[in-house]
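Colleague: Predicted structure and sequence below. I'll ask about it afterward.
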Amino acid sequence: ENFEILLDRTVFHPQGGGQPSDIGSLEKNDQKMFEVKSSVKNDRGEILHAGHFTGGRLKVGDKISAVIDQPTRLFNARLHSAGHVLDVAVKSVRPDLVPTKGYHFGDGPYVEYKGMLEGSIKDEIVQKLNEQVRAILGKDERTEAFFDGEGRRVVRVAGLETPCGGTHVKSTKEILEMKI
């Protein structure tokens, strides 16, 4: 049977912004009590942990540990950060293209851009984008997150600052590889 659990605070990233949610478990006294299969933000901005009980029950007031599945978090952060690297590459090759939507799931990640792209130069643009991506990933640039003057979370990846609430790698080198 599936349940949703609301905690007073959490380290789980909810699904949103084109990125999948964290998965993991809720533990009490070092015992896995609840397997978190997904986390979502409700209409009130609260993060709900969806999944099923694996042992015992939890009650209001219990002290628990929220444990993220680290390999899944890193995989999702790589895909999400790769979208930012692509934005940097596109901005350098075709600054007239504007990112509009990102999908950072393992079954086929992509970023959509607004603008015109002539089919006759597609191969040339893809080649230039791949060169830019290789150069960016080879620099091992630190990823930084901070809040701007308006209270928005901003992420700087390879020098490009973008409002973003997703998870990211610590450095562009952690992305490992990208191909357009």
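Modeller: Yep, that arrived. Residues are numbered from 1 along each chain as shown.
Colleague: OK, contacts around A77?
Modeller: G166, T167, H168, V169, E174 (C-beta atoms under 8 Å, 6 or more residues apart in numbering). Glycine gets a C-beta too; all of them are placed from N, C-alpha and C.
Colleague: Now for this protein: which helix has the highest residue count?
Modeller: In the chain, assigned by DSSP state H, the helix with the most residues is helix 70-93.
Colleague: Quick one: list the elements packing against the helix or strand that it is followed by.
Modeller: Using DSSP states H and E, the helix or strand that follows helix 70-93 in sequence is strand 98-103. Packing partners of strand 98-103 (3 or more C-beta pairs under 8 Å, 6 or more residues apart in numbering; DSSP states H and E): helix 70-93, strand 110-114.
Colleague: Measure how the longest helix of the chain sits relative to strand 98-103, angle-wise.
Modeller: On the basis of axes from the mean of the first three to the mean of the last three C-alpha atoms, to 10 degrees, helix 70-93 is oriented at 160 degrees to strand 98-103.
Colleague: shouldn't V93 be in contact with V126?
Modeller: No - in terms of C-beta atoms under 8 Å, V93 does not count as a neighbour of V126; the distance is 9.5 Å.
Colleague: The two: who's more crowded?
Modeller: More crowded of V93 and V126, by other C-beta atoms under 10 Å: V93, with 16 against 13.
Colleague: where's the nearest residue in space to the more buried one that is not next to it in sequence relative to I121, distance?
Modeller: Using C-beta to C-beta, 6 or more residues apart in numbering and skipping the chain neighbours, the partner closest in space to V93 is K128 (4.7 Å). For K128, the distance to I121 equals 10 Å [C-beta to C-beta, to the nearest Å].
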